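Enquirer: fold the following.
(one chain, ligands or ions: 1)
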Amino acid sequence: MLEARGVSVRFGGLTAVDAVDACFAAGELVGIIGPNGAGKTTFFNALSGVTAPTSGEILARGQRLTGRRAERFAARGVARTFQTPRVFAEMTVRDNIAFGLRFAGRRPRRFWLWGEERDVPWSLRTPESILALIGLPQLAALPAAAITPSQQRLLEIGMALATRPRVLLLDEVAAGLTEAEVEQMARLIRRLRDELDLTVVWIEHAVTTLLRHVERVIVLHQGRKIADGTPAEVVRHPEVVEAYLGDEMADAGSGAAA
Ligand SMILES: Nc1ncnc2c1ncn2[C@@H]1O[C@H](COP(=O)(O)OP(=O)(O)OP(=O)(O)O)[C@@H](O)[C@H]1O
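Expert: Alright, predicted model coming up:
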């Protein structure tokens, strides 16, 4: 679905992402972790067309999108959320979703995507159906500024879904949530992946949380990919243990999915 080949992003003399290869298959739920400044968000920016890689290629279903604008990535079915939710504060919750639907263009109910004719799932056709999917129907008439930060994160996911993606990139959607909210968020992400047949790539700073919920995890450290495997594999990986100074990984390892 989405592939990075030797992607590097440099800012002046700093290499934020260093020759990263990564492949995300249909229906996968993949996590990306790494210590502070590891290059996670910069890598996401490259995967979603927000930042052009300095070198390397980004491909969606084999088609090269390197250097194209973010709108082009969205039109090809790649949608994302941001570390700080970007919702329209003055607009109602419903209108934020409606904006996402308009952004998806005036595509008919059956639309061509990557050479396949697909039905838009019923749950992604109207603002109301999307609000029901993300569990916010009762907040539709409120301005986005009036809902809680965790509800704003859900709303941003709803806006991304409104663009009818095939790949959903989530940047720290569990940050600042209570433990119960994190569990709910993780359940929602799995359900979206299952019901909409999405590929989900999820960055999270909280390693323990992420390792419990994903099937594969990529570890970045100082811009390089140092591990790529199941949660149980990466927590034992010597370079990962060293990058995290051991302790956090030992804790995470006890809850990691096999
Ligand atoms: N626009 C920019 N200009 C210059 N340097 C940048 C820019 N964006 C990121 N960086 C630098 O690139 C490196 C990687 O940053 P990035 O935000 O991608 O890391 P991260 O893994 O997402 O970190 P965190 O977990 O703290 O969010 C850091 O050293 C950061 O300071």
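Enquirer: would residue 51 count as being in a helix?
Expert: No - per DSSP: H, G, I helix; E, B strand; the rest coil, residue 51 lies outside any helix segment and is coil.
Enquirer: pLDDT at it, what is it?
Expert: With respect to pLDDT, residue 51 scores 94.
Enquirer: from residue 236, how far out is it?
Expert: From residue 51 across to residue 236, the span is 32 Å (C-beta to C-beta, to the nearest Å). Quick note: C-beta positions are derived from backbone N, CA and C, even for glycine.
Enquirer: and what of residue 158?
Expert: Residue 158 is 37 Å from residue 236, by C-beta to C-beta.
Enquirer: which of those two has more neighbours?
Expert: When residue 158 is set against residue 236 and neighbours are counted by other C-beta atoms under 10 Å, the residue ahead is residue 158, at 25 against 13.
Enquirer: right, and that one touches residue 95 too?
Expert: No - Residue 158 is beyond contact range of residue 95, at 11.7 Å (criterion: C-beta atoms under 8 Å).
Enquirer: mind listing the shared neighbours of the two?
Expert: By C-beta atoms under 8 Å, 6 or more residues apart in numbering, residue 158 and residue 95 have no common neighbours.
Enquirer: for the record, mean pLDDT for stretch 82-91?
Expert: 82.
Enquirer: what does stretch 229-243 give?
Expert: Rounded mean pLDDT across stretch 229-243 is 91.
Enquirer: what segments of this protein are helices?
Expert: 40-47, 70-75, 93-103, 127-134, 149-162, 179-196, 207-213, 231-234, 238-243, 247-255 (DSSP state H).
Enquirer: residues touching residue 100, list them.
Expert: Residue 100 neighbours (C-beta under 8 Å, 6+ apart): 130, 158, 159, 160, 161, 162, 163.
Enquirer: change it to 6 Å
Expert: Residue 100 makes contact with 159, 162, 163 under the criterion C-beta atoms under 6 Å, 6 or more residues apart in numbering.
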